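Colleague: my questions are about this predicted structure, shown below with the sequence.
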Amino acid sequence: MEKDTSLKPFYTGWAMEAYPEMSEEDMAHHVGRQIELGANFVWIGHNNPGEVDVRKIEPGLSFAVWEAFRDENDPRHTNAVKIVRAQKRLLDFCLMCEIPVVLPIGYQIQMGEVWNDNHPDCLRRLPDGKIINWGGISACFYAPQYQTDIMNYYKWIVKSFVKPYRSILLMVNLSDEPFGGDYSQYAENTFRERTGYGFKEALQRGDQGLVELGKFQSNYIVEYARWSAEAWHSVCPDIPSTMSFCGHHGREENTMPGIPALFRDTPDYFHPTFDVYPRDGNQATPISESDVIMLTLFLRQIGYLSRKYRKPYWLWTTGNSWGLGQASEDKANITDAVLNQLMAMIGALENEAPLRGIAVWNYNVKRQGLYNDTIKPVYDVDVMFQKLTRTIARLRYFAGKKLLRHPQVAIVADRNHARRFIAKSQKCTWVKPFAFDKFFYPAKNNISVIIDESLSEILSYCEEHDMPPPPALIYLSSGDIELEPGEKDILLDYLYSGPRALVPQKLWMRLEGKETIMAEVSLYQSEPMDISEDEITAFLKDKQNHKDNLFHFTLDDLEIAYNLTKKEQKLSVSFRHSGKSLYLLDPFAKVKNEAALKDAKNNGLVLNHHEAAFVSPSQSPNLKAFLEALSLE
């Protein structure tokens, strides 16, 4: 029996930093203007990196802040006190106004320089023994010293922050952007306890050893999330926890951490969060079509996984120069940010997934926020603020709507291929076994997809929810490893039923009885990370349904087209279709209705770079709501 998720509150708002130099009046002003335009919660900023420094870009709570706060003789104590007081000033205002809050309390697995110096044997390491430093040094969470210290820190958070602010706390964010693997001694000790051999021995044990090593590294952060959620729950069972995972790693790697495992192997009271900006990178890099192709697949994947495992999740969307490339030669604009909010919601709705909230990154973070940026953006920041805040408020109307789409394509990202690939790479991050950027055709043409680690997982989901199996399958694997017996049988049964499939030639050669298979099978000879866009498009392309070179989405009765091609593209839609309305959004999200589109012809509308169009029934309340949101009146 599926849990009823339709009646839960849905939250939309901004992520916001509580800077020590901000007064109570400052915080009240900035939160107040967010709430006035329709936000209904605040996501407080985290402490990046996990050190004690009031002057840095992102100050917040972390173990190091607590360590310095409790010791008056610590030279960092004064800074720690200022950081803690700033968090409480923001929380006090939210408590007085009964505004819900998400409270971050950690960054990656960082414990701070003092702890690192005192416990060098407890730090994460690369295969060559060097300490991992990705924007700061992280601890190995398997180390007993780490576990003891972080539990004491959690207890302080409960005493100092949960108890006085319990009525407004939606969740605590235990960590932001944890990713990658670990070859430290404590990690290896855990691996040896599970397998009977160490990391180097695994490399000499053939495919079995490689798969076990790759599984351990892929799931390292999953295990960290599970352990941390259970530790938090043991001291505070009534406030759920999250970690905000890097969607850039999610969409490009999908393996470190393994995205399906984040939903499958963590407890019910852990609700994952992902950033889903058009592009997660510095402001000098523009949004590309490949970025949005991978993002489209990723949003559908996490929506599917959320419903499959009945696990709520949260998303961070873009509203600043970090996700919109404002220092690049191709600056994205307000319409790109608006489309990012809609895409985030669509990924949940078409899977009927329990998305719990959307927070726009970021209102005021220094050097990149909507406010406090050092780069002059192409858009007016107040216009961006008004239009985005109103847009996400309108998204709450869709929460709980039944808009399920049956999957048209199953994409299997073979877990054992990925694990073997990770182990052989001898890397702790940026290991890319699959070419998700090559799925141009399904991403642009609004084709519903499911991505999982095995076909058996996908088909069991379809059976549980009374959906037909997807009529097309793309199996991403090298074919070098024999399939698990259950997976092999499931694949054969699927192919016997007569759908279409694109599979690696090596895998096809391993299948007994393939001569009697009814499926229309296409083969590829490359490694899955080298599969070409042309091969995927040729396999999936249906000339009758192929639209154009635009991105297409549907949100209830809204049909949305979006141009990121750097040249004009024609949207083939009739202007005088009975009962339909057409509106164009220019890059600044200024709305032009049909009558104002003087250059339009009956057979189509030309969309320029960074423009979008809405087509819907003329009396649609959805259309009316979004047009009101994008109006400056």
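Modeller: Structure's in. What do you need?

Colleague: what ranges do the strands span in the stretch 151-300 of the chain?
Modeller: Taking DSSP state E, counting those that start in this stretch as the test, the strands found in the stretch 151-300 of the chain are 169-176, 241-245, 273-275.

Colleague: dump these into a markdown table; add mean neighbour count, mean pLDDT and distance to T317 as well.
Modeller: Bear in mind the C-beta positions are built from the backbone N, C-alpha and C, glycine included. Shown next, in a markdown table, are the strands of the stretch 151-300 of the chain (neighbours: other CB atoms under 10 Å; pLDDT from 0 to 100; distance: least, CB to CB, whole Å):
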| stretch | mean neighbour count | mean pLDDT | distance to T317 |
| --- | --- | --- | --- |
| strand 169-176 | 24 | 98 | 16 |
| strand 241-245 | 25 | 98 | 12 |
| strand 273-275 | 23 | 98 | 8 |
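
Colleague: in TSV: those, plus distance to L297.
Modeller: Formatted as TSV, the strands of the stretch 151-300 of the chain follow (distance: least, CB to CB, whole Å):
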stretch	distance to L297
strand 169-176	23
strand 241-245	16
strand 273-275	13
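
Colleague: between those, which one is nearest to K311?
Modeller: strand 241-245 (10.9 Å; CB to CB).

Colleague: out of the strands of the stretch 151-300 of the chain, nearest to V114?
Modeller: Nearest to V114, of those and by CB to CB, is strand 169-176 at 19.2 Å.

Colleague: helices or strands up against the closest one?
Modeller: strand 101-104, helix 220-235, strand 241-245 (3 or more CB pairs under 8 Å, 6 or more residues apart in numbering; DSSP states H and E).

Colleague: who does that strand pair up with?
Modeller: Strand pairing for strand 169-176, using DSSP bridges, gives strand 101-104 (parallel), strand 241-245 (parallel).

Colleague: relative to helix 220-235, how tilted is the longest one?
Modeller: If you take axes from the mean of the first three to the mean of the last three CA atoms, to 10 degrees, strand 241-245 sits at 160 degrees to helix 220-235.

Colleague: which outside residues touch strand 241-245?
Modeller: 46, 102, 104, 171-179, 221, 225, 228-229, 232-233, 257, 262, 269-275, 314, 316 (CB atoms under 8 Å, 6 or more residues apart in numbering).

Colleague: so what's the gap between it and the chain middle?
Modeller: Taking the mean of its C-alpha atoms, strand 241-245 sits 10 Å from the chain's own mean (CA atoms, centre = their mean, to the nearest Å).

Colleague: next one: the shortest one
Modeller: With CA atoms, centre = their mean as the basis, the distance from the averaged C-alpha position of strand 101-104 to the chain average is 18 Å.

Colleague: for the helix or strand just after that strand, packing partners?
Modeller: For strand 101-104, the following helix or strand on the C-terminal side (DSSP states H and E) is helix 113-118. With contacts taken as 3+ CB pairs under 8 Å, 6+ apart, helix 113-118 sits against helix 63-69.

Colleague: one step back: wait, which of the helices and strands packed on strand 169-176 is closest to P144?
Modeller: Comparing the helices and strands packed on strand 169-176 by CB to CB, helix 220-235 comes nearest, at 12.2 Å.

Colleague: ok, residues contacting the closest one?
Modeller: 109, 141, 147, 150-151, 154-155, 158, 172, 174-175, 178-182, 187, 241, 243, 245, 256-258, 261-262, 265-267, 269-270, 272.

Colleague: for burial, what's the neighbour tally of the closest residue to K541 other than its chain neighbours?
Modeller: Nearest non-adjacent residue to K541, counting by CB to CB, 6 or more residues apart in numbering: Y441, 6.1 Å away. Y441 is flanked by 20 other residues according to other CB atoms under 10 Å.

Colleague: please name the nearest non-neighbouring residue to the spatially most central residue of the chain.
Modeller: Central residue of the chain (CA atoms, centre = their mean): F274, 3.1 Å from the mean position. Of all residues not flanking F274 in the chain, G247 sits nearest, at 4.6 Å (CB to CB, 6+ apart).

Colleague: thought that neighbour was touching V276?
Modeller: Yes - counting by CB atoms under 8 Å, G247 does reach V276; the two are 4.8 Å apart.

Colleague: which residues does S478 contact?
Modeller: 417, 420-421, 504, 506, 527-528.

Colleague: any idea how far it lies from P433?
Modeller: S478 is 9 Å from P433, where distance means CB to CB, to the nearest Å.

Colleague: common neighbours of these two, please.
Modeller: In contact with both S478 and P433: 417, 421, 528, using CB under 8 Å, 6+ apart.

Colleague: the second one touches K427, doesn't it?
Modeller: Going back to what we said before, that points to F421. No - between F421 and K427 there is no contact under CB under 8 Å: 9.9 Å.

Colleague: neighbour-wise, which of these two wins?
Modeller: Neighbours around F421 and K427, counted as other CB under 10 Å, are more numerous at F421. The numbers are 23 against 16.

Colleague: how about the more buried one, secondary structure?
Modeller: helix (DSSP: H, G, I helix; E, B strand; the rest coil).

Colleague: any idea how far the nearest residue to it once chain neighbours are set aside lies from T335?
Modeller: For F421, ignoring the flanking residues on the chain, the nearest one in space by CB to CB, 6+ apart is P433 at 4.2 Å. Counting by CB to CB, the gap between P433 and T335 amounts to 34 Å.

Colleague: again with R166
Modeller: R166 is 40 Å from T335, by CB to CB.

Colleague: show me how this structure divides into domains.
Modeller: 11-398, 414-540, 551-629 (automatic domain parsing).

Colleague: hmm, back to that, got the contacts of S478 as CSV, with distance to F191 columns?
Modeller: Listed next are the contacts of S478 as CSV, based on distance: CB to CB, whole Å:
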residue, distance to F191
H417, 20
R420, 16
F421, 18
P504, 29
K506, 29
E527, 26
P528, 26
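
Colleague: just the buried ones out of those, please.
Modeller: Buried subset of the contacts of S478 (neighbour count, 16 or more other CB atoms under 10 Å): 417, 420-421, 504, 506, 527-528.

Colleague: so which of those sit within helices?
Modeller: Cross-referencing the buried ones among the contacts of S478 against helices under DSSP state H gives 417, 420-421, 506.

Colleague: Throw the residues you listed into a markdown table and include pLDDT and distance to S460, thanks.
Modeller: Conversion of these to a markdown table gives the following (pLDDT from 0 to 100; distance: CB to CB, whole Å):
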| residue | pLDDT | distance to S460 |
| --- | --- | --- |
| H417 | 96 | 20 |
| R420 | 97 | 24 |
| F421 | 97 | 25 |
| K506 | 95 | 26 |
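
Colleague: out of those, who's nearest R124?
Modeller: F421 (20.9 Å).

Colleague: ok, G214 - contacts?
Modeller: 418-423.

Colleague: from L507, how far out is D493?
Modeller: Counting by CB to CB - D493 and L507 are separated by 15 Å.

Colleague: who has more neighbours out of these two?
Modeller: L507 (22 against 13).

Colleague: could you find the closest non-adjacent residue to that one?
Modeller: Per CB to CB, 6+ apart, closest to L507 is G479, 3.5 Å.

Colleague: what's the answer for E17, then?
Modeller: G45 (3.8 Å).

Colleague: give me the number of residues near the one you found?
Modeller: 27.

Colleague: quick thing: my sequence starts at 673, can you match it?
Modeller: With 673 as the first residue, the last one maps to G717.

Colleague: what's the pLDDT at it?
Modeller: On pLDDT, G717 comes in at 97.

Colleague: double-check it against V774; I have them as touching.
Modeller: No - counting by CB under 8 Å, V774 is not a contact partner of G717; they are 10.3 Å apart.

Colleague: between F1093 and K1099, what contacts are shared?
Modeller: By CB under 8 Å, 6+ apart, no residue touches both F1093 and K1099.

Colleague: any regions of the stretch 1123-1272 of the chain where pLDDT drops low?
Modeller: Filtered on pLDDT under 70, the stretch 1123-1272 of the chain yields the residue ranges 1215-1219, 1245-1250, 1266-1272.

Colleague: now do the strands in it.
Modeller: Using DSSP E, counting those that start in this stretch, strands in the stretch 1123-1272 of the chain cover 1144-1148, 1172-1176, 1192-1196, 1223-1227, 1230-1234, 1241-1243, 1252-1257, 1263-1265.
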